[in-house]
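Peer 1: generate coordinates for the sequence data below:
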Amino acid sequence: MDGKTQVVEAIKKALPDVNQEDIESKIERPKDNKNGDYAFPTFFLAKIKHQAPQMIAADLVKEIDQSGFENVVVAGPYINFFLNKAQIAAGILSDIITDPENYGNANLGNGGNVPIDMSSPNIAKPMSMGHLRSTVIGNSLANILTKVNYNPIKINHLGDWGTQFGKLMAAYKMWGSEEEVKADPINTLQKYYVRFHQEDKENPALDDDARAWFRKLEDGDEEATYLWKWFRSESLKLFMKIYDLLGIDFDSYNGEAFYNDKMDEVVQMLEDKGLLQESKGAEIVDLEKYNLNPALIKKTDGATLYITRDLAAAIYRKRTYNFVQSLYVVGNEQQNHFKQLKAVLKEMGFDWSDDIHHIPFGLITQGGRKLSTREGRVILLENVLDDAINLARKQIAEKNPDLKNADEVAKQVGVGAVVFHDLKNERLNNFDFNLEEVVRFEGETGPYVQYANARAQSILRKAGNPDLTNVNMELGDADAWEVIKMLGQFGETVQRASREYEPSVIAKYSLQLAKGFNQYYAHTKILVDDDEKLARLALVTAVSDVLKSSLSLLGVQAPDEM
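Peer 2: Numbers count the residues shown, from 1 in each chain. Predicted structure coming up:
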């Protein structure tokens, strides 16, 4: 049993009429260790008991069974609990070492399906740093939800349809060559796309050309369909190279085009329910009662829009996966779109729209400026990952020139640094990207956490990797206790990250644990032969196990040597 659970159970026995969840939500961790390991404030009981909180605390402490604690004391309106350090330490270390893979697991999801709409790059455009956030946040959420027993389904909703294909086809027919595209597909197509946008400012007739090509594609024209399939397959090859580097896979690549034959049913359902209204030749759903602008379902020319496609996708996913939650990891600027999506589904009578959650995130900027594909101001993700690997390789060569498989480790460290840096930022925050800061081995970085794990593994190798399964793991010293308390908080941290859809909770925890372990290592001679040596090695093993689990939840690898 972890310390917090022990405190909750002791209070619950003394307060049988109070809901356990209420007790649990009130437990605090004192900032100063002198005030105990956990504190229970009694203010909320004043209304129930009609007494001053100080009096309630003084009476309540007499009712609490204190046998499992070092001490339980009253401090004004608070009851402070001092845990039995050696006993708790032995329990936590034993739990981790016995089953490291499952330590911190919980059953919040009962195996329920959770589709996660994530990554979703546009075909015929290179993946930029702008695509990183949706990809790594979505992947980390899938890992975290698995840990608390949901069944995530990672969906790469590719941008493989829309008027941009008309623009690209028009540009290719005007300025392109098959030879040039085959030599360097994505960068060449990107060049055509940027040129189109530059030239259509001076020549708006180009937009008519683009619309005509997209109409051909929608009508199944042979040449347009051939070009679309070619652009799509070339794009996927490059995307897969990047996903392999990131160590991310998907359960579905059903993009926008997949829903082409599923939108007529949606429009018919809206008509049957009397929800479609005409407005200036277009067809809309009025959402005034939700304080939202009308949802535009069909343009004046009969073309469907993103929301029509997303309605079809939502209904398809509910029918296919019978989800308990459905997540959309999409930028913050799309908040209004998802409010409209949920409102239209609600109007259609689908109460499961309440289970749809938009997981917004902020922007990555460079020099404070937003990245833009259309303007040609792009930082290519593949280049960033390659540069990060080279920076990591350079630092590894300086620190550990004899390291075996240095290239593989450099990849794990470089890619891991980029992923960790993204995820340590609270997802709604914008952040500026500076690669040299990201791949540092010191400070609040991924390599710092990876290095703490490698240090722990080095200690265990020096000790001969002893068998620790039946060892007395009681450690009561203050330095060890600070680390053990952090280890005991892992499960709670995972649950919080899953509830808040916030991977930064895990990233910050891993930094705190790495820092705590490094302080312990600096103050404690771990390999001294005495009665507590094996218990100290158990602590080192447990730290390594939990750091690896934390990094794994973020989608970051943990090399044993660096």
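Peer 1: neighbours around the closest residue to Asn122 other than its chain neighbours, how many?
Peer 2: The spatial neighbour of Asn122 that comes closest, neighbours along the chain excluded (C-beta to C-beta, 6 or more residues apart in numbering), is Gly159 at 3.6 Å. Any C-beta I mention is one placed from the backbone N, CA and C, and that applies to glycine too. By the criterion of other C-beta atoms under 10 Å, Gly159 has 18 neighbours.
Peer 1: what about the stretch 51-200 of the chain, any weak spots by pLDDT?
Peer 2: Applying pLDDT under 70 to the stretch 51-200 of the chain flags no residue at all.
Peer 1: which residue ranges of it form helices?
Peer 2: 53-63, 85-98, 132-147, 163-175, 178-183, 185-199 (DSSP state H, counting those that start in this stretch).
Peer 1: so which of those has the densest surroundings on average?
Peer 2: By mean neighbour count, with neighbours taken as mean count of other C-beta atoms under 10 Å, helix 132-147 ranks first of the helices of the stretch 51-200 of the chain at a mean of 24.
Peer 1: and for that helix, what's in contact with it?
Peer 2: Surrounding helix 132-147, the residues in contact under the criterion C-beta atoms under 8 Å, 6 or more residues apart in numbering are 104-106, 109, 114, 116-120, 152, 154, 243, 246, 248, 327, 329-331, 359, 361-362, 364, 381, 384, 418-419, 422-423, 427, 494, 497-498, 501, 503, 506, 552-555.
Peer 1: next step: the residues you listed restricted to helices.
Peer 2: 243, 246, 381, 384, 418-419, 422-423, 494, 497-498, 506, 552-554 (DSSP state H).
Peer 1: helices or strands next to the lowest-mean-pLDDT helix or strand in the chain in the packing?
Peer 2: Within the chain, no helix or strand scores below strand 369-370, which has a mean of 72 by mean pLDDT, DSSP states H and E. With contacts defined as 3 or more C-beta pairs under 8 Å, 6 or more residues apart in numbering; DSSP states H and E, strand 369-370 has no helix or strand neighbours.
Peer 1: partner strands of it, with direction?
Peer 2: Strand pairing for strand 369-370, determined by DSSP bridges: strand 364-366 (antiparallel).
Peer 1: quick one: buried ones out of the contacts of helix 132-147?
Peer 2: Neighbour counting by 16 or more other C-beta atoms under 10 Å classes 104, 109, 114, 116-120, 152, 154, 243, 246, 248, 327, 329-330, 359, 361-362, 364, 381, 384, 418-419, 422-423, 427, 494, 497-498, 501, 503, 506, 552-555 among these as buried.
Peer 1: now the helices for the stretch 251-400 of the chain?
Peer 2: Going by DSSP H, counting those that start in this stretch, the stretch 251-400 of the chain shows helices at 263-272, 306-321, 335-347, 381-399.
Peer 1: deepest of the ones you listed, which one?
Peer 2: It is helix 306-321: most buried of the helices of the stretch 251-400 of the chain by mean count of other C-beta under 10 Å, with a mean of 20.
Peer 1: show me what it is packed up against.
Peer 2: strand 113-118, helix 263-272, strand 295-298, strand 326-328, helix 335-347.
Peer 1: residues in contact with that helix?
Peer 2: Contacts for helix 306-321 (C-beta under 8 Å, 6+ apart): 113, 115, 117, 153, 155, 157, 161, 256, 259, 262-263, 265-267, 295-298, 323, 326, 337, 340-341, 344-345, 350, 352-353, 356.
Peer 1: what sits against the nearest residue to Tyr172 once chain neighbours are set aside?
Peer 2: Spatially, and ignoring its direct neighbours in sequence, Tyr172 is nearest to Tyr192 (5.8 Å; C-beta to C-beta, 6+ apart). By C-beta under 8 Å, 6+ apart, the contact set of Tyr192 is 168, 171-172, 175-176.
Peer 1: the same query, at a cut-off of 6 Å, please.
Peer 2: If you count contacts by C-beta atoms under 6 Å, 6 or more residues apart in numbering, Tyr192 has them with 171-172, 176.
Peer 1: hang on, the earlier thing: among the helices of the stretch 51-200 of the chain, which is nearest Thr469?
Peer 2: Proximity to Thr469 (C-beta to C-beta) singles out helix 85-98 among these, at 7.0 Å.
Peer 1: who does that closest one touch, helix- and strand-wise?
Peer 2: Other helices and strands packing on helix 85-98, by 3 or more C-beta pairs under 6 Å, 6 or more residues apart in numbering; DSSP states H and E, are helix 478-488, helix 533-554.
Peer 1: on contacts alone, who are the packing partners of the longest one?
Peer 2: I take that to be helix 533-554. helix 85-98, helix 132-147, helix 446-462, helix 478-488, helix 504-523.
Peer 1: if we go to 10 Å?
Peer 2: Applying 3 or more C-beta pairs under 10 Å, 6 or more residues apart in numbering; DSSP states H and E, we find helix 533-554 packed against helix 85-98, helix 132-147, helix 406-424, helix 446-462, helix 478-488, helix 490-500, helix 504-523.
Peer 1: what packs against the longest one?
Peer 2: So the one you mean is helix 504-523. Against helix 504-523 (3+ C-beta pairs under 10 Å, 6+ apart) you get helix 132-147, helix 406-424, helix 446-462, helix 478-488, helix 490-500, helix 533-554.
Peer 1: what angle separates the first one from helix 504-523?
Peer 2: Angle between the axes of helix 132-147 and helix 504-523 is 80 degrees (criterion: axes from the mean of the first three to the mean of the last three C-alpha atoms, to 10 degrees).
Peer 1: now do helix 132-147: distance to the chain's middle.
Peer 2: Counting by C-alpha atoms, centre = their mean, to the nearest Å, helix 132-147 is centred 4 Å from the centre of its parent chain.
Peer 1: in CSV, list the C-alpha atoms belonging to that helix.
Peer 2: Extracted C-alpha coordinates of helix 132-147, given in CSV (Å, rounded to 0.1, in the frame of the first residue of the first chain):
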residue,chain,number,x,y,z
LEU,A,132,5.5,17.2,-34.2
ARG,A,133,3.1,18.2,-31.5
SER,A,134,0.0,16.4,-32.6
THR,A,135,2.1,13.3,-33.3
VAL,A,136,4.0,13.0,-30.1
ILE,A,137,1.2,14.2,-27.8
GLY,A,138,-1.2,11.7,-29.4
ASN,A,139,1.4,8.9,-29.1
SER,A,140,2.1,9.7,-25.4
LEU,A,141,-1.6,9.9,-24.6
ALA,A,142,-2.0,6.4,-26.2
ASN,A,143,0.8,5.1,-23.9
ILE,A,144,-0.7,6.7,-20.8
LEU,A,145,-4.2,5.5,-21.5
THR,A,146,-2.9,1.9,-22.0
LYS,A,147,-1.3,2.2,-18.6
